[in-house]
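Chemist: kindly return the folded structure for what I paste below:
(one chain, ligands or ions: 1)
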Amino acid sequence: MAPRAEIPAVREALLGWYREHRRDLPWRRSRDPYGVWVSEVMLQQTRVDTVVPYHRRFLERFPTVEALARAPEAEVLAVWSGLGYYRRARLLHQGARAVVERHAARVPDTFALLRALPGVGDYTAGAIGSIAYGLPVPVVDGNVERVLTRLHTLRGDPRASPGKSLLRALAARYAEHPAPGEVNQALMELGALVCAPSAPKCLLCPVKAHCGALAAGEPERYPEKRARAAPRPERWSALVATLDDKVWLVPSDLGRWTAMLLPPMVERDHTARQVVSSLGMSGIVRAVREAGAVTHVLTHASMRVKVFVGELLREPSRGELVARGALGGRAVPKVTLKVLEAALGVL
Ligand code: SF4
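Modeler: Numbers count the residues shown, from 1 in each chain. Purely as a prediction, here's the structure:
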């Protein structure tokens, strides 16, 4: 459907509201492209409140793109630990290395060169380009998608053709402005603070006079997304084996947590005897008992993990024994912490 709202008028109302109401977030205090890059990667699939302390710690530990490029991957994952979606951290790290190799450690200032970096898609390239360098390029995240499909009553799934290209073209028209970074952030901020997925605060909305969905009395009808498949249920059994105050962890060979530390786990709903045998731990561990279960939901899988705990008889030949108090500095995914808490109590 052709856009109905008057873009310049909407944009001015939106910018006026944004300048007054925007949240004071650390990455908004500077236009450093590296800081913007880190924040945009962290904000994908993660709430702002969660990201703030991680962003601060990450920049303290890796203050420049060069410092990040130089760091070993395990150290990057350790600082990212708990934020989830670890593939993002790996790609950010690879992207930093590419910036050092290809661009003499200066984050490039064109959309095409940004887009060519590992892990940098249209969204991240648009965000760095518009916010740090003032390039008139669009940024389409879930918030922008919601705001624009409602304002302009865009029909059809905005994540599939032709809705996707229509939405991007519309966002690009908004970005045709002397302050494209501010316009893009204002659209995202409106989606985050006012135009919520359910029960949007239309009465408080600075662009309500232009909103097609509100005029039609059905803001929540948009965006017309196809339902996503429910996460696949998975049954796992994990064995937490301890020696003194240390816990045995092994590097994961699962794609979702490659090389991060997990307790030995198997995708089966096992008894104590079965878990010891299928993990090849007979003669290494004793007094194995069940200690509850935890649930861990990922985008595509919902894991139910039965937790067993036992005592190691000797040091195992693979993996490593990690002191409970030292877990904070290691690359461990959230599922490891949940399983250890179920087995050992507060860590
Ligand atoms: Fe969203 Fe309501 Fe504003 Fe329309 S009027 S943009 S639906 S908050």
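
Chemist: contacts for the helix ranked longest in the chain, please.
Modeler: The helix of greatest length in the chain, counted in residues with DSSP state H as the criterion, is given as helix 86-103. Surrounding helix 86-103, the residues in contact under the criterion C-beta atoms under 8 Å, 6 or more residues apart in numbering are 37-38, 41-42, 44, 65-66, 68-69, 71, 73, 76-77, 80, 83, 105-108, 113, 117-120, 256-258, 260, 331, 333. Using the backbone N, CA and C atoms, a C-beta is placed for each residue, glycine as well.

Chemist: what bits of the stretch 151-300 of the chain have low per-residue confidence?
Modeler: Residues of the stretch 151-300 of the chain meeting the criterion pLDDT under 70: none.

Chemist: on that earlier part again, skip ahead from the longest helix of the chain and say which helix or strand is next.
Modeler: Beyond helix 86-103 in the direction of the C-terminus, DSSP states H and E gives the next helix or strand as helix 111-115.

Chemist: show me what whichever helix or strand comes after that following helix packs onto, helices and strands only.
Modeler: Remark: after helix 111-115, the chain's next helix or strand is helix 122-127, criterion DSSP H and E. Contact partners of helix 122-127 among helices and strands, from 3 or more C-beta pairs under 8 Å, 6 or more residues apart in numbering; DSSP states H and E: helix 33-43, helix 111-115.

Chemist: OK, contacts around the closest residue to the ligand within the stretch 1-150 of the chain?
Modeler: For the stretch 1-150 of the chain, the nearest residue to the ligand under the criterion C-beta to the nearest ligand atom is residue 150, separated by 4.0 Å. By C-beta under 8 Å, 6+ apart, the contact set of residue 150 is 195, 200, 211-214, 219, 222-223.

Chemist: mind running it again at 6 Å?
Modeler: Under the criterion of C-beta atoms under 6 Å, 6 or more residues apart in numbering, the neighbours of residue 150 are 213, 219, 222.

Chemist: can you select the buried ones among those residues for me in ChimeraX?
Modeler: What follows is the ChimeraX syntax for the buried subset of these, where burial is set by 16 or more other C-beta atoms under 10 Å:
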select :213,219,222
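
Chemist: out of the contacts of residue 150, who's near the ligand?
Modeler: When those are filtered against the ligand using C-beta under 6 Å from any ligand atom, the residues retained are 213, 219.

Chemist: out of the contacts of residue 150, which comes closest to the ligand?
Modeler: For the ligand, the closest of these turns out to be residue 219, at 3.4 Å, with distances computed as C-beta to the nearest ligand atom.

Chemist: distance of that closest one from residue 195?
Modeler: 8 Å (C-beta to C-beta, to the nearest Å).

Chemist: so the closest residue to residue 254 other than its chain neighbours bridges to which residues?
Modeler: Of all residues not flanking residue 254 in the chain, residue 262 sits nearest, at 7.8 Å (C-beta to C-beta, 6 or more residues apart in numbering). Per DSSP bridges, the residues bridged to residue 262 are residue 250.

Chemist: tally of neighbours for residue 262?
Modeler: Other residues lying near residue 262 total 20 when counted by other C-beta atoms under 10 Å.

Chemist: I'd say it and residue 337 touch.
Modeler: No. Assessed by C-beta atoms under 6 Å, residue 262 is found out of contact with residue 337, at 10.5 Å.

Chemist: close to the ligand: what parts of the stretch 201-347 of the chain are there?
Modeler: So far as C-beta under 6 Å from any ligand atom goes, the stretch 201-347 of the chain lies against the ligand at 201-202, 205, 207-208, 211, 213-214, 219.

Chemist: save those as TSV, and put in secondary structure and distance to residue 269 too.
Modeler: What follows is these, written out as TSV (DSSP: H, G, I helix; E, B strand; the rest coil; distance: C-beta to C-beta, whole Å):
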residue	secondary structure	distance to residue 269
201	coil	45
202	helix	48
205	coil	49
207	coil	52
208	helix	52
211	coil	50
213	helix	46
214	helix	49
219	helix	44
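
Chemist: ok, these vs residue 134, which is closest?
Modeler: residue 207 (23.1 Å; C-beta to C-beta).

Chemist: mind checking how far the closest one is from residue 187?
Modeler: Here residue 207 is placed at a distance of 10 Å from residue 187 (C-beta to C-beta).

Chemist: got it, and residue 50?
Modeler: In this structure, residue 50 and residue 187 are 22 Å apart, going by C-beta to C-beta.

Chemist: same question, residue 22
Modeler: Relative to residue 187, and taking C-beta to C-beta, residue 22 is found at 12 Å.

Chemist: the more surrounded of those two?
Modeler: Between residue 22 and residue 187, counting by other C-beta under 10 Å, residue 187 is the more crowded of the two (30 against 16).

Chemist: the more buried one sits in which helix or strand?
Modeler: When elements are assigned from DSSP H and E, residue 187 belongs to helix 180-193.

Chemist: how far off centre is that helix?
Modeler: For helix 180-193, the distance between its averaged C-alpha position and the chain's averaged C-alpha position is 19 Å (C-alpha atoms, centre = their mean, to the nearest Å).

Chemist: same for it, what does it pack against?
Modeler: Counting contacts by 3 or more C-beta pairs under 6 Å, 6 or more residues apart in numbering; DSSP states H and E, helix 180-193 is packed against helix 7-21, helix 142-151.

Chemist: who touches it?
Modeler: Contact partners of helix 180-193, identified using C-beta under 6 Å, 6+ apart, comprise 11, 14-15, 18, 22, 130-131, 136, 139, 143-144, 146-147, 174-175, 177.

Chemist: just give me the neighbour total for the closest residue to the ligand within the stretch 51-200 of the chain.
Modeler: For the stretch 51-200 of the chain, the residue closest to the ligand is residue 195, as judged by C-beta to the nearest ligand atom, at 3.2 Å. By the other C-beta under 10 Å criterion, the neighbourhood of residue 195 contains 27 residues.
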